[in-house]
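Q: okay, predicted coordinates and the sequence, questions at the end:
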Amino acid sequence: MRCVDPLRCDAQREVQVTTHIARWDLDKTYLRTDFDTVRALVRTLFERAEAKQTHPGAATLLRETARAGVEVHILSGSPEPMRSSLERKLRMDGVVWKTFTLKASLRDLVRLRIRALRDQVGYKLCALFRARATLVGDSVRVLGTETLVGDDSEADAFVYSLYADFLAGQVDVGLLGEVLERGHVYRDVIADTLGAARRVVLVDAVERILIHLDRQTPPADFRRYGPRVVPFYNYLQAAFVLLEDGRLGADSVVLVAAELAVKHGFDGDALARSYLELSRRGHLRGKQAGVLLAAIRAWLEQPHPIAATELGVLADRLPAMAEHAGSDPDVHRSATHGSDYLATVEEHNRRGRK
């Protein structure tokens, strides 16, 4: 992890590097949520924890992420009154988390801040910088790396990339303020966001941004953000990426694959295609294929292993797929520049589009 502001980093006598941090969205990322209509939104607000459904493999991946020593932090645009049911759902799924941030939508409604009810850019940027600023103390600056997980239904790729580029020193406070202004964010939220941003240590901390394609957005739409952003169709693909990033064990990837096969009807061809499709987009290098293959074989050597046929197909095809992984020139695409954030922020703001 590279510190991009040596003067600020050296100003502290002690620098402590924390465990890796995973920040997860919930709606349409972890949970199969429908709030595209008023009726669906009301139903979601009053839905019991037992009725909530996760995307296939998401709960297993999140549990295994925590088991690998990664700190899990939940950052969701769901309203604060849903906290009880959401926390209960996560506990039912066996998920352990460090912090849980929800949106103060009722407060905004009482204050007639109508734009804030739909705003994700200002809300999530402010929450991200506030969370990062809490890692800074009087004598200790905690420099943790991060993986950010969201979806394509709102502005997650945009917000996460802007946050990551600011931490990396590629976006300054002035440009950040301009983006928030152009995004029609309320003045007090802009002030809070910039205040928190000024308190963070500038360090290239965001390793990966994973975007679940809940709305089946074409992956090419995310090329503007560079190879750090990985759009994925299913959570086995996310697990493949985290394995290559060194944030997940091969045994955990096998667990996700077995769940998709047994509970969600993935055959061996579908498991293999998940790897192949992602590698063809340049997001896999094949560098952990040997480790994964060994983990699959160990699984198959157990007495009566589940999903044996499906995992056997993946094991048979993995060496050839890994050999050609990472050869697609798409991986060399350029990342977003500051001017691009200014030009595209209104795409993620309903009021701006109107």
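A: Okay, I see it.
Q: report the beta-bridge partners for the residue lying closest to residue 25 once chain neighbours are set aside.
A: Leaving aside its chain neighbours, residue 25 sits nearest to residue 150 (4.4 Å; criterion: CB to CB, 6 or more residues apart in numbering). C-betas here are computed from N, CA, C, even on glycine. With DSSP bridges as the criterion, residue 150 is bridged to residue 211.
Q: what's the spacing between the spatially most central residue of the chain and residue 28?
A: When CA atoms, centre = their mean is applied to the chain, the residue found nearest the centroid is residue 149 (0.8 Å). Here residue 149 is placed at a distance of 11 Å from residue 28 (CB to CB, to the nearest Å).
Q: what's the overlap in contacts for those two?
A: Residues touching both residue 149 and residue 28 (CB atoms under 8 Å, 6 or more residues apart in numbering): residue 212.
Q: for the residue nearest to residue 25, grab the count of nearby residues.
A: Neighbour count of residue 150, defined by other CB atoms under 10 Å: 31.
Q: tell me if I'm right that it and residue 163 touch.
A: No. Residue 150 lies out of contact with residue 163 (CB atoms under 8 Å); the separation is 11.1 Å.
Q: only alpha carbons, please: show stretch 341-348 as CSV.
A: Taking C-alpha atoms only, stretch 341-348 is exported to CSV below (Å, rounded to 0.1, in the frame of the first residue of the first chain):
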residue,chain,number,x,y,z
TYR,A,341,-16.3,12.6,-13.0
LEU,A,342,-17.6,16.1,-13.6
ALA,A,343,-19.0,15.1,-17.0
THR,A,344,-20.8,12.0,-15.7
VAL,A,345,-22.0,12.9,-12.2
GLU,A,346,-25.4,13.9,-13.4
GLU,A,347,-25.9,10.5,-14.9
HIS,A,348,-26.2,9.3,-11.4
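Q: mean confidence for that stretch?
A: For stretch 341-348, mean pLDDT rounds to 81.
Q: give me the contacts around that stretch.
A: 120-121, 154-155, 158-159, 162, 171, 175, 178-179, 182-183, 224, 352-353.
Q: can you list the domain ranges for the protein.
A: 1-228, 235-334 (automatic domain parsing).
Q: take the ones you listed and lay them out in TSV including distance to residue 342.
A: Listed next are the domains of the chain as TSV, based on distance: least, CB to CB, whole Å:
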stretch	distance to residue 342
domain 1-228	6
domain 235-334	17
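Q: and those, which one averages the lowest pLDDT?
A: Of all the domains of the chain, the minimum mean pLDDT falls on domain 1-228 (a mean of 84).
Q: longest helix in the protein, by number of residues?
A: The longest helix of the chain (DSSP state H) is helix 308-324.
Q: coming back round to it: out of the contacts of stretch 341-348, which are buried?
A: Among those, those scoring as buried are 120-121, 154-155, 158-159, 162, 171, 175, 178-179, 182-183, 224 (criterion: 16 or more other CB atoms under 10 Å).
Q: which ones among those lie within helices?
A: Among the buried ones among the contacts of stretch 341-348, the members found in helices (DSSP H) are 121, 158, 159, 162, 175, 178, 179, 182.
Q: please list all residues in contact with the first one.
A: Taking CB under 8 Å, 6+ apart as the criterion, residue 121 is in contact with 155, 158, 159, 179, 180, 183, 185, 345, 348, 349.
Q: excluding chain neighbours, what is closest to it?
A: residue 183 is the one closest to residue 121 (CB to CB, 6+ apart), at 4.7 Å.
Q: the one you found contacts residue 122, correct?
A: Yes. Residue 183 is in contact with residue 122 according to CB under 8 Å; the separation is 6.6 Å.
Q: and the buried ones among the contacts of stretch 341-348, which is closest to residue 49?
A: The closest of those to residue 49 turns out to be residue 154 (CB to CB; 22.8 Å).
Q: my read: that closest one touches residue 103, true?
A: No. Counting by CB under 8 Å, residue 154 stays clear of residue 103, with 11.7 Å between them.
Q: now do the shared contacts for these two.
A: With CB under 8 Å, 6+ apart as the test, residue 154 and residue 103 both reach residue 77.
Q: can you name the element that comes right after the lengthiest strand in the chain?
A: Counting by DSSP state E, the longest strand found in the chain is strand 71-79. Proceeding N to C from strand 71-79, the next assigned helix or strand is helix 83-92, under DSSP states H and E.
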